[in-house]
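Enquirer: Compute the structure for the input listed below.
(chains A and B, ligands or ions: 5)
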Amino acid sequence: MQQNTPMNTPSKRRVLGPCSHVLVAANTGSWRLERPEVDAELCVRCGTCARYCPTACITVHKEGDPLDFDWNYCKGCGICANECPKQALTMVPEGGDD
Amino acid sequence: MLTYQVQPKGAVSPGINTCQGCMIDVIFRNVLDVMGPDTVLVIPPGCAAQFSGCGPEASVTVPGIQGNLENSAAIASGIANGFRHQGNDHTQVVVIAGDGGTVDIGLQSLSGAMERNEDIIYICYDNEAYMNTGVQGSSSTPFAASTTTTPAGKPVNAKDLISIVMAHRVPYAATASVADIFDLRRKVQKAKETKGCRVIHIMSPCPTGWGYPSAKTVEVAREAVRCGAWVLMEYENGAIKLGRKPEELGQPQKYFALQKRFCGAGEEEIAKMGAFLTERYEYLEKLAQL
Ligand SMILES: Cc1ncc(C[n+]2csc(CCOP(=O)(O)OP(=O)(O)O)c2C)c(N)n1
Ligand code: SF4
Ligand code: SF4
Ligand code: SF4
Ligand SMILES: [Mg+2]
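Expert: Ligands and ions are numbered 1, 2, ... in the order given. Below is the predicted model:
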């Protein structure tokens, strides 16, 4: 039977095996073949796109330009455009005709 | 001590090498957001292992351990009991494991943890196959789905994990879906507020293994709920509560058509699956009325 009593914590600790201690991010933005483009007229700033975005790279603003994307991480998956209830997002080819 | 090379918005790094369109990131971000920083993760091998770190590189801001495919619930039990012996009653131990690591290989340790009612939260993200090793069929792969080990479509149906969990009479269990993030967060919050062995089973569609365009992950998850291929429910104090009734119960045509893994399913398979989904839902409905 195990007893439910607090034990003294050992003063020395040894770490065995690899230990991850640096928070990093891969440059997943380099995978992108298409990028989402917002139509500011249609966007109602509802935040649906940001809620489903796998990389959390969308910021929805209360005023001014409705959306900001962090292009370092946007994978170009298109989930945001597929889920936008107002069809305010269009996927455009990266390095396209702009 | 964690050194920050990037400053994430929540507890999860923004740049993770999950495939384009994979929503395991969203599950981690929301689970950790609800659970808070006083959380320890246990992650077995699988696609989610990327969140347990690689060498010195970490992807989440909370501590965690990558164990084996067989023993996530046992490792979590050990950590939870260690905390208890230290007099720590606040740190939550959370497992996030794939379907292979839960419904197949880790089922015995999960069953033991549920029997002992260990104070852990066990979350299974279900992409319905062994994705990380190349889309081998698991016991969570549904009937008629093609995988590399069931190329002609799986001849039998998936194990019913939530029913297995309920048979252990745990204090709280639920199913959730990446199609409804509010509902998912509410269920994680409820689990957080409950003591004992809590289990949440989350459908997480996989563009790579299921064969659909990366943009359609949420759409596929939504269709699964609409036809009853994924039933949203909660189990609390021995009682079942079902979510909204599927609008197109027993009609998986649209759900199947979205995915290449079902392209071998003809009318006969679709009818068989439809009948099974209706039968299962009606059975759960009866249980919910008890
Ligand atoms: C006992 C054991 N068998 C096989 C493996 C190899 N393996 C590593 S990850 C993995 C796939 C796990 O599938 P699942 O749990 O569904 O997670 P997913 O990759 O789908 O996210 C396998 C088979 C292992 N690590 N341990
Ligand atoms: S989902 Fe559409 S309408 Fe809502 S904030 Fe995003 S772009 Fe705007
Ligand atoms: S394309 Fe994908 S990663 Fe990029 S903003 Fe949209 S949802 Fe996010
Ligand atoms: S194989 Fe599937 S589950 Fe694994 S990272 Fe890719 S999309 Fe996600
Ligand atoms: Mg899997």
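Enquirer: can you give me the helices in the stretch 101-250 of chain B?
Expert: Taking DSSP state H, counting those that start in this stretch as the criterion, the stretch 101-250 of chain B carries its helices at B:107-115, B:161-166, B:181-193, B:207-210, B:217-227.
Enquirer: Point out where chain A drops to low pLDDT.
Expert: A:1-11, A:15, A:96-98 (pLDDT under 70).
Enquirer: try 80
Expert: A:1-17, A:96-98 (pLDDT under 80).
Enquirer: quick one: which of the helices of the stretch 101-250 of chain B is nearest residue B:154?
Expert: helix B:207-210 (12.9 Å; CB to CB). In short, each C-beta sits where N, CA and C put it, glycine included.
Enquirer: Now the closest one: average pLDDT?
Expert: For helix B:207-210, the mean pLDDT works out to 98.
Enquirer: how much space is there between the residue nearest the centre of chain B and chain A?
Expert: What sits nearest the mean C-alpha location of chain B, by CA atoms, centre = their mean, is residue B:125, with 2.3 Å. Residue B:125 sits 13 Å away from chain A, going by CB to the nearest CB, to the nearest Å.
Enquirer: could I get the helices of the stretch 101-250 of chain B as CSV with mean neighbour count and distance to residue B:282?
Expert: Listed next are those as CSV, based on neighbours: other CB atoms under 10 Å in any protein chain shown; distance: least, CB to CB, whole Å:
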stretch, mean neighbour count, distance to residue B:282
helix B:107-115, 20, 26
helix B:161-166, 20, 14
helix B:181-193, 18, 22
helix B:207-210, 22, 27
helix B:217-227, 22, 14
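Enquirer: quick one: which of these is nearest ligand 1?
Expert: helix B:207-210 (7.5 Å; CB to the nearest ligand atom).
Enquirer: That closest one: how far from the chain's middle?
Expert: Here the centre of helix B:207-210 is set off from its chain's centre by 16 Å, with CA atoms, centre = their mean, to the nearest Å.
Enquirer: my guess is the residue nearest to the centre of chain B meets residue B:24, correct?
Expert: Yes - the pair residue B:125 and residue B:24 qualifies as a contact (CB atoms under 8 Å) at a distance of 5.8 Å.
Enquirer: any residues in contact with both of those two?
Expert: Applying CB atoms under 8 Å, 6 or more residues apart in numbering or on different chains, one finds that residue B:125 and residue B:24 are jointly contacted by B:48, B:204.
Enquirer: wait, what's in contact with the closest residue to the residue nearest to the centre of chain B other than its chain neighbours?
Expert: Among residues not flanking residue B:125 along the chain, residue B:204 sits closest, at 4.3 Å (CB to CB, 6 or more residues apart in numbering or on different chains). Each residue near residue B:204 by CB under 8 Å, 6+ apart is listed here: B:22, B:23, B:24, B:27, B:125, B:126, B:127, B:178, B:221.
Enquirer: Excluding chain neighbours, what is closest to the second one?
Expert: In this structure, residue B:23 finds its nearest non-sequential neighbour in residue B:178, 4.4 Å apart by CB to CB, 6+ apart.
Enquirer: what do you get for residue B:254?
Expert: Per CB to CB, 6+ apart, closest to residue B:254 is residue B:223, 5.6 Å.
Enquirer: coming back round to it: right, and the residue nearest to residue B:23 touches residue B:216 too?
Expert: No - between residue B:178 and residue B:216 there is no contact under CB under 8 Å: 11.8 Å.
Enquirer: When these two are compared, which one has more neighbours?
Expert: Neighbours were counted for residue B:178 and for residue B:216 using other CB atoms under 10 Å in any protein chain shown; residue B:178 has more, 25 against 22.
Enquirer: How about the contacts made by that one?
Expert: Counting by CB under 8 Å, 6+ apart, residue B:178 makes contact with A:52, B:23, B:26, B:27, B:184, B:202, B:203, B:204, B:205, B:217, B:218, B:221.
Enquirer: so what's the second one scoring on pLDDT?
Expert: Okay, so that is residue B:23. Taking residue B:23 on its own, its pLDDT is 98.
Enquirer: Am I right that residue B:271 sits in a strand?
Expert: No - if the criterion is DSSP: H, G, I helix; E, B strand; the rest coil, then residue B:271 is helix and not within a strand.
Enquirer: What is the burial count for residue B:257?
Expert: Applying other CB under 10 Å, I find that residue B:257 has 13 neighbouring residues.
Enquirer: Could you do the one 5 residues further on as well?
Expert: Residues contacting residue B:262 under the criterion other CB under 10 Å number 23.
Enquirer: What does the pLDDT read for it?
Expert: For residue B:262, the model assigns a pLDDT of 98.
Enquirer: Skipping adjacent residues, who's closest to it in space?
Expert: residue B:256 (3.9 Å).
Enquirer: Enumerate every residue touching that neighbour.
Expert: If you count contacts by CB under 8 Å, 6+ apart, residue B:256 has them with B:144, B:262, B:265, B:270, B:273.
Enquirer: Just put the residues you listed in CSV and tack on distance to ligand 5.
Expert: Converted to CSV, those look like this (distance: CB to the ion, whole Å):
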residue, distance to ligand 5
B:144, 18
B:262, 17
B:265, 20
B:270, 24
B:273, 20
